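Participant: okay, predicted coordinates and the sequence, questions at the end:
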Amino acid sequence: LGGSISRVIQRMSNATIINDNVFDECLNEIARALIQADVGIDLIRHMQANIRNIAIFDELCKMLNPGKPSFTPKRGKTSVVIIVNLQGSGKTTSCTKYAHYHQKKGWKPALVCPDTFRAGAFDQLKQNAAKTKIPFYGRSMESDPVKVAVEGVEMFKKENCDLIIVDTSGRHKQQAALFEEMRQVSEATKPDLVIFVMDSSIGQAAFDQAQAFKQSVAVGVVIVTKMDGHAKGGGTLSAVAATKSPIIFIGTREHMDEFEVFDVKPFVSRLLGMGDLSGFIDKIHEVVPMDQQPELAQKLLEGSFTLRIMYEQFQNILKISPFGQVCAMLPGFTDELMPKGREKESQTKIKRHMTMMDSMTNKGNSSPKLMNESRMMLIARGSGHHIREVMELLEEYKRLARVWSKVKSLKIPALSRNMSK
Ligand code: GDP
Ligand code: MG
């Protein structure tokens, strides 16, 4: 066995790229060695699937971690930060959130609005600033954006602000003019850090967009917005690759406090369609009575996804608000069970599933494998539903059980940590 493994490792390290073929051959080589060592075939298959999942998971984590931020502001030392990307990405919202986040930790942030192109830009940032009580500098339209930026930065430097954040316009009559203006604002204000703010739903286009910005200004970190939506955020991989910059924060709704420090593992598990499991567990901690938590946590961690667990999860979901936000976090629940914008219907569906489960005599032992037509009829009649709906429920159960066994096989450390707290 040792000989085979070392051959595999050698093969992996000789390969110029580890593509699917190389990977499969290596897995097969390991499998052959294990068969010869009398390891059961089911166990080997299971292990192969796990290795594949873990490898994919780790690889994605690595791709999202291209190194350290180019610069990290320090409290008490003046830093100038400029925020860039196209209109609508979430820049103005994110720069206020970023300022507010630091203000809560005792920093002295300030906001500068050099966007004199779009009517309303000035008012939007000014209102955000007022709401969060953060000093603001801007001028109404027709002024020179570069001049406004420099005036604002100079003024706040004199006031000893330690985090001076410059929002940029993101729109112009022509794309070339936008980049030119941004370059000038950057040259004039000499930022310590350039933040690229991207909308999580942008998808494939993210690479070209991020690269275009990186070529004009020295992007150093990324903030991803609108992670509360249903987008899984695949475009972030492209943006990180194009800018070679790490993600530092994610925006999770429109409110000023809905801003989180980026955490790669839940992000990747969501990207893979497995939901933000650790976020979900946190929510569970909020709503499930303390004395019931260890039991539920244990059951989830063991991953034996019984009908009873599904029932308990449904109960929890119905307690948590806002409904849609939670569903986006829960493995397997995102697209299939609750499509976006149809939260009411989804809620009704869950309640229907629950009334059917109520008429099962023993949810714990009601294995779908043992479910024959006459038992299904009994459940249908007992709960006042059609047998078709009982079959739907069982399909739903099987699908969720599959997702959960996948989740379990990943052994996400954040999950175990949350479980044991
Ligand atoms: P800018 O044009 O790049 O400055 O983008 P804005 O900050 O004006 O944001 C565009 C829209 O997206 C606004 O309606 C914001 O309220 C909204 N928005 C920004 N961040 C988030 C977020 O994290 N979640 C959600 N749901 N909406 C966001
Ligand atoms: Mg804006």
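Facilitator: Received, thanks. Numbering: from 1, shown residues only. Ligands and ions are numbered 1, 2, ... in the order given.
Participant: close to ligand 1: what parts of this structure are there?
Facilitator: 87-93, 170, 225-226, 228, 251-254 (Cβ under 6 Å from any ligand atom). The C-beta positions use only the backbone N, C-alpha and C, and glycine is treated the same way.
Participant: with only the CA atoms kept, save stretch 41-50 in PDB.
Facilitator: C-alpha atoms of stretch 41-50 as PDB (Å, rounded to 0.1, in the frame of the first residue of the first chain):
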ATOM      1  CA  ILE A  41     -15.500  -1.800  -1.900                       C
ATOM      2  CA  ASP A  42     -18.300   0.400  -0.400                       C
ATOM      3  CA  LEU A  43     -15.900   2.000   2.000                       C
ATOM      4  CA  ILE A  44     -13.500   2.700  -0.900                       C
ATOM      5  CA  ARG A  45     -16.200   4.300  -3.000                       C
ATOM      6  CA  HIS A  46     -17.200   6.400  -0.100                       C
ATOM      7  CA  MET A  47     -13.700   7.500   0.500                       C
ATOM      8  CA  GLN A  48     -13.200   8.300  -3.200                       C
ATOM      9  CA  ALA A  49     -16.200  10.500  -3.100                       C
ATOM     10  CA  ASN A  50     -15.000  12.200   0.000                       C
END
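Participant: which parts of it are buried?
Facilitator: 44, 47-48 (16 or more other Cβ atoms under 10 Å).
Participant: and the nearest residue to N85 once chain neighbours are set aside, how close does it get to Q127?
Facilitator: Spatial nearest neighbour of N85, excluding adjacent residues (Cβ to Cβ, 6 or more residues apart in numbering): V197 at 5.1 Å. Counting by Cβ to Cβ, to the nearest Å, the separation of V197 from Q127 is 19 Å.
Participant: neighbour-wise, which of these two wins?
Facilitator: V197 (27 against 13; other Cβ atoms under 10 Å).
Participant: what's the more buried one sitting at in phi/psi?
Facilitator: phi -100, psi 120 (degrees, to the nearest 10).
Participant: surely V81 forms part of a strand?
Facilitator: Yes: under DSSP: H, G, I helix; E, B strand; the rest coil, V81 sits within a strand.
Participant: what does the pLDDT read for the residue nearest to N85?
Facilitator: pLDDT for V197: 97.
Participant: show me what it is bridged to.
Facilitator: I223 (DSSP bridges).
Participant: thought it was touching Q87?
Facilitator: No: between V197 and Q87 there is no contact under Cβ atoms under 8 Å: 11.0 Å.
Participant: please state the backbone phi and psi of the most centrally placed residue in the chain?
Facilitator: Centroid-nearest residue in the chain: F267, 3.7 Å away (criterion: Cα atoms, centre = their mean). Here is the backbone geometry of F267 (degrees, to the nearest 10): phi -60, psi -50.
Participant: show me the contacts for the residue in the stretch 101-250 of the chain that ligand 2 sits nearest to.
Facilitator: Of the stretch 101-250 of the chain, the residue with the smallest distance to ligand 2, taken as Cβ to the ion, is A121 at 5.4 Å. Applying Cβ atoms under 8 Å, 6 or more residues apart in numbering to A121 gives the contacts 92, 113, 115, 167, 169.
Participant: make TSV out of those and add secondary structure.
Facilitator: Shown next, in TSV, are these (three-state DSSP):
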residue	secondary structure
T92	helix
C113	strand
D115	coil
D167	strand
S169	coil
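Participant: can you tell me the closest non-neighbouring residue to Y311?
Facilitator: Using Cβ to Cβ, 6+ apart, the nearest residue to Y311 is M357, at 5.0 Å.
Participant: doesn't E396 make contact with the one you found?
Facilitator: No: counting by Cβ under 8 Å, E396 is not a contact partner of M357; they are 10.8 Å apart.
Participant: quick one: the strands in the stretch 51-200 of the chain?
Facilitator: Assigned by DSSP state E, counting those that start in this stretch, the stretch 51-200 of the chain shows strands spanning 79-84, 109-113, 136-138, 163-167, 193-199.
Participant: just checking, what packs against the second one?
Facilitator: In this structure, strand 109-113 makes packing contacts with helix 91-104, helix 121-132, strand 136-138, helix 145-158, strand 163-167, judged by 3 or more Cβ pairs under 8 Å, 6 or more residues apart in numbering; DSSP states H and E.
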